[in-house]
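Chemist: Sequence and predicted model, in that order:
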Amino acid sequence: MDKPSTVTSNHYGQPNLSRLIDTALRDARLLNQTLDHKLISAIDQFHIGGLRATMDMIRLANFMPQDLVLDIGCGIGGPSRTIASECNCKVTGVDLDLGYCKAARSISKSLRLSNQTHFIQANALNLPFEDRSYDAVWTQHITMNISNKNALWREFYRVLKPSGKLLMYEVTCTSDDKEKIKYPTPWASKSEDSFLENIHNYKESLNKCGFFIEHLEDVSSIAKSSIKSVIERIKQNGQHKPGLEIVLGDRFSVMMENLLDSLNGDQLNVVRLLAAKSS
Ligand SMILES: C[S@@+](CC[C@H](N)C(=O)[O-])C[C@H]1O[C@@H](n2cnc3c(N)ncnc32)[C@H](O)[C@@H]1O
């Protein structure tokens, strides 16, 4: 049985997050400029590769204007705002962490995107939406927090319209030998809270649930060079702000080192996937 609220609040919870974000933006003199989603991407794109990874996924998604997109495990809403701004879609972000949802709403308000992005605290395994209500479900770096992947796919399938799209950008493991993976990582403080699976299991269970995989790409080498440049930036400048350090705290740099080690050691992969719900 999943207990995701415990897992995520222990790992992700960050008191006064909205205030920290406001302060960081002000310190960087960003609050005085006309904010747009690109300007604050150092803070609000909470996954490997940041804005670039989101833009690559948007190209793969080929959204239509006014598509209804559900961003599951939306964090503080960077990808939701990017989809809304770049594609003119209406995006609902869902996250377990109430502080993240509040921060997401507050940033969207500053960017005048409140009418196109909405954020709701909910569990991905029990979504408060009607059957067949979304054109696309989008996830970035959340499935590693959820052990019952079959239940997750069933929920995705339920809320998608017929022929709806599932887009995922996730970290997978390469074998069942997970002992060598070092923690903390950006998604878990310890191995007990990390539910990594290999890509074959993803494919098999998604197919069984009724998804047809249209595109699957291993993007580990792009991920590695992006992590390397973050580590380099921290070494040269210290933990400069604003950055993901605000969301992940002081352990950010050790998380990046651990992640790079596990990718270099071939214990982890980063994958991008597009699947369609059978109609
Ligand atoms: C690594 S962050 C990624 C955030 C966002 N997708 C992004 O890329 O900017 C993972 C997020 O998943 C959320 N999460 C984990 N388990 C969840 C669940 N069962 N239901 C909803 N959100 C969950 C966490 O609270 C966290 O915000």
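Modeler: Here it is on my side, so go on.
Chemist: Name the residues that touch the longest helix seen in the chain?
Modeler: Ranked by number of residues, the top helix in the chain under DSSP state H is helix 220-237. By Cβ atoms under 8 Å, 6 or more residues apart in numbering, the surrounding residues in contact with helix 220-237 are 48-50, 52-53, 240, 252-253, 256-257, 259-260, 263-264, 268-270. Every C-beta, even on glycine, is put in place using the N, C-alpha and C of the backbone.
Chemist: State which strand of the chain is the longest.
Modeler: strand 160-173 (DSSP state E).
Chemist: After that one, heading C-terminal, what element do we hit next?
Modeler: For strand 160-173, the following helix or strand on the C-terminal side (DSSP states H and E) is helix 199-209.
Chemist: quick one, that following helix and strand 160-173 angle?
Modeler: Relative orientation of helix 199-209 versus strand 160-173 (axes from the mean of the first three to the mean of the last three Cα atoms, to 10 degrees): 160 degrees.
Chemist: any chance you could map the strands in the protein?
Modeler: Under the criterion DSSP E, the chain contains strands at 68-72, 90-95, 117-121, 134-140, 160-173, 211-218, 268-277.
Chemist: May I see the buried residues of the fourth one?
Modeler: By that I understand strand 134-140. By neighbour count with 16 or more other Cβ atoms under 10 Å, strand 134-140 contains the buried residues 134-140.
Chemist: chain center to that strand: distance?
Modeler: 11 Å (Cα atoms, centre = their mean, to the nearest Å).
Chemist: ok, which of the buried residues of strand 134-140 also contact the ligand?
Modeler: Within the set of these, contact with the ligand (Cβ under 6 Å from any ligand atom) is found for Gln140.
Chemist: Max pairwise distance over the buried residues of strand 134-140: which two?
Modeler: Greatest spatial distance in the buried residues of strand 134-140: Asp135 and Gln140, 17.5 Å, computed using Cβ to Cβ.
Chemist: sorry, back to before: can I get the strands of the chain in a markdown table including mean pLDDT and distance to Lys224?
Modeler: Output for the strands of the chain, formatted as a markdown table (pLDDT from 0 to 100; distance: least, Cβ to Cβ, whole Å):
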| stretch | mean pLDDT | distance to Lys224 |
| --- | --- | --- |
| strand 68-72 | 98 | 25 |
| strand 90-95 | 98 | 27 |
| strand 117-121 | 98 | 31 |
| strand 134-140 | 98 | 17 |
| strand 160-173 | 97 | 12 |
| strand 211-218 | 98 | 11 |
| strand 268-277 | 97 | 8 |
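Chemist: In TSV: these, plus distance to Ile40.
Modeler: As requested, the strands of the chain are exported to TSV (distance: least, Cβ to Cβ, whole Å):
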stretch	distance to Ile40
strand 68-72	16
strand 90-95	15
strand 117-121	13
strand 134-140	16
strand 160-173	20
strand 211-218	27
strand 268-277	23
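Chemist: which residues of the chain score low on pLDDT?
Modeler: 1-9, 27-33, 176-177, 238-242 (pLDDT under 70).
Chemist: residues from it in reach of the ligand?
Modeler: Residues of the chain lying near the ligand (Cβ under 6 Å from any ligand atom): 4, 8, 12, 45-47, 73-75, 78-79, 94-97, 100, 123-125, 140-142, 145-146, 186-187.
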